[in-house]
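Build me a model from this:
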Amino acid sequence: MAKVDTSLVAHLPLFAGFKAEDLEEILREARSARYPKNSAIFEQGADAHAFFLLLHGHVRAAKTTPTGEQIVVRYVAPGETFGIAMAIGLAQYPATATAVDDSVVLIWPTAAWPRLVERFPSLASSTLLTVGSRLQESHTRILEMSTQQVEQRVAHALLRLAKQSGKKLDHGIEIDFPISRQDIAQMTGTTLHTVSRILSGWESQGLVESGRQRIILRDPHKIVILAERNPDSGPA
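Okay, the predicted model is just below:
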């Protein structure tokens, strides 16, 4: 197994404060792998044989319901862990992870987890914070589904993605990975037709610019107003 260079991870928040020799020990059992765009890293329901750290690219976590409906749970950005099923007591992966662009990940065998957290307790606490943050995000999205109009939910989804993976341009903020209108529909519990209608309306107002798997927020401030607007308050 090729040795993983510690310089690839030394700057990441997960490993803040670790000495070089500690990083070498942590990375000893890791291997790097490349996943082409649209390839599956693991499948929902498969045995959780490994956990992952994304170094480059972006990963979509999506869940299939018993009725066959696809729900996009979240997007993983570089520097984030994913597939940490064992940390929350699961033996199988609860969702499917797919590379949305060419991606590079570090992979540890699940069997390494108990040894690593015993040796480095801060790994466990950092992972707990990650799980807690994602749980809070899930609660927020459930609340949005229950209380907000579709337009508000789409606005919130775009703002979250821009905050996580936005690239500043002269004319706005681009969501810096391939994302389709269908993906947004699956994030917000609505249909492709509805998302297309909303984004087309926003394009005509100069709020967004969208193309094939590409979205730019041209007027993020107005999208914030749309996201936070009381549905009873009328047009902004």
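
okay, CA-based contacts and neighbour counts for the rest of this
OK.

Show me where this structure dips below the pLDDT cut-off.
Along the chain, the model assigns pLDDT under 70 to residues 1-2, 230-236.

what residue lies at the spatial centre of it?
What sits nearest the mean C-alpha location of the chain, by C-alpha atoms, centre = their mean, is residue 75, with 1.8 Å.

ok, and the closest non-adjacent residue to it?
The shortest distance from residue 75 to any non-neighbouring residue, by C-alpha to C-alpha, 6 or more residues apart in numbering, is to residue 60 (4.6 Å).

can you check residue 43 too?
residue 96 (4.3 Å).

And the residue nearest to the centre of the chain, how far from residue 21?
Distance, residue 75 to residue 21, using C-alpha to C-alpha, to the nearest Å: 31 Å.

And residue 54, by the same measure?
For residue 54 relative to residue 21 (C-alpha to C-alpha), the value is 22 Å.

Of these two, which one has the most company?
For residue 54 versus residue 21, neighbours defined as other C-alpha atoms under 10 Å are more numerous around residue 54 (21 against 10).

Mind telling me what element the more buried one is part of?
In the assignment (DSSP states H and E), residue 54 maps to strand 50-56.

Could you do residue 66 as well?
Per DSSP H and E, there is no helix or strand for residue 66.

tally of neighbours for it?
7.

Grab the longest helix from this protein for me.
helix 121-147 (DSSP state H).

buried residues in the helix or strand following it?
The C-terminal neighbour of helix 121-147 among helices and strands, as given by DSSP H and E, is helix 150-165. Neighbour counts using 16 or more other C-alpha atoms under 10 Å place 150-159, 161-162, 165 of helix 150-165 among the buried residues.

Tell me what angle helix 150-165 forms with helix 121-147.
Put simply, helix 150-165 runs at 160 degrees to helix 121-147, going by axes from the mean of the first three to the mean of the last three C-alpha atoms, to 10 degrees.
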